[in-house]
Structure formats: C-alpha cells, structure tokens
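Student: fold the following for me, if possible:
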Amino acid sequence: MVFVKEQEGMHGVFLSRACIKGTVVRKFSDNEVVDEPTRTSIQVAEGIHVEDIIGRYVNHACRPSCEVRDANIVALKNLSEGEEITFNYNENEDIMASPFKCRCCGEWVVGKAGANNT
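Tutor: Numbers count the residues shown, from 1 in each chain. Model (predicted):
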C-alpha cells in the first residue's frame, strides 16, 4: 500500500493506492523493538519504539495525513494515490533523539516532553 520515494535529496513514504479515513496504511510487525528513541525509530507505546524499514522514512508534518495508533500508521482522512504519509512527531513521540526545525512552521520538533519544556 505504501512505497518509499526520494525527491530533492529527501525520502518520503507515499500511497500506492487511495484509501479512506481510518485505513491502516502500514503495520509495524516483526520489527526491531528498542527501549530508547533513535533518529529513525517510531514510538508505538510508552517506552516502546520500533525500527521499521519503511517507517523510518515517514516524515513529520504539522498537519499530518496519518497518525500512529498502537503499532499501525492510520489515515486521518481520505487519501489519494501518490499522497505522502506523514504524522506529527510532537504528538506521537515523547522525546526526539534528534530534534530538528520543522519545514512547515519553523518551530523545533522535540516530542511531547520537550514541547512542554519550551
């Protein structure tokens, strides 16, 4: 349902076909579970992060197309074929291993815990 594409030196994850709101677009199964966040891990529960070969390329967006629910990436709205899969790292991650400045709004992406301290 998804594929990784490089454009302008950046990678992203895109839909190979349209889907409706609530569709699971990526399941994290048989992935490496890590205790601490890494630059490429995704938090799936409190204190639980996974390294996923596709998930590592899902970008942050302030107005995301998807969200992480349990061990899945789920569409927040109806999505078109070719649309980029994104989620809001500040709403999902407790803390970012590698904070960065958002290309959407210019604010720092630091995770929930870090956002509460800024």
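
Student: which residues does F87 contact?
Tutor: 58, 60-61, 64-68, 73 (C-beta atoms under 8 Å, 6 or more residues apart in numbering). Every C-beta, even on glycine, is put in place using the N, C-alpha and C of the backbone.

Student: filter those down to the buried ones and hand me the PyMOL line.
Tutor: To isolate the buried ones among those in PyMOL, judged by 16 or more other C-beta atoms under 10 Å, type:
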select buried, resi 58+60+61+64+65+66+68+73
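
Student: of the contacts of F87, which belong to helices?
Tutor: If you go by DSSP state H, the contacts of F87 have nothing in helices.

Student: which of the contacts of F87 lies closest to E91?
Tutor: E67 (7.3 Å; C-beta to C-beta).

Student: show me what the closest one is bridged to.
Tutor: V74 (DSSP bridges).

Student: CA atoms only for stretch 33-47, dumped as PDB, please.
Tutor: Taking C-alpha atoms only, stretch 33-47 is exported to PDB below (Å, rounded to 0.1, in the frame of the first residue of the first chain):
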ATOM      1  CA  VAL A  33      12.000  -3.100  19.300                       C
ATOM      2  CA  VAL A  34      14.200  -0.600  21.100                       C
ATOM      3  CA  ASP A  35      13.900   0.800  24.600                       C
ATOM      4  CA  GLU A  36      15.200   4.300  23.800                       C
ATOM      5  CA  PRO A  37      14.200   6.500  20.800                       C
ATOM      6  CA  THR A  38      16.600   6.700  17.900                       C
ATOM      7  CA  ARG A  39      16.700   9.100  15.000                       C
ATOM      8  CA  THR A  40      14.700   6.700  12.900                       C
ATOM      9  CA  SER A  41      12.500   4.800  15.500                       C
ATOM     10  CA  ILE A  42       8.800   5.300  15.900                       C
ATOM     11  CA  GLN A  43       7.200   5.300  19.300                       C
ATOM     12  CA  VAL A  44       4.300   2.800  19.400                       C
ATOM     13  CA  ALA A  45       3.600   2.800  23.200                       C
ATOM     14  CA  GLU A  46       5.000   4.400  26.300                       C
ATOM     15  CA  GLY A  47       8.700   3.500  26.400                       C
END
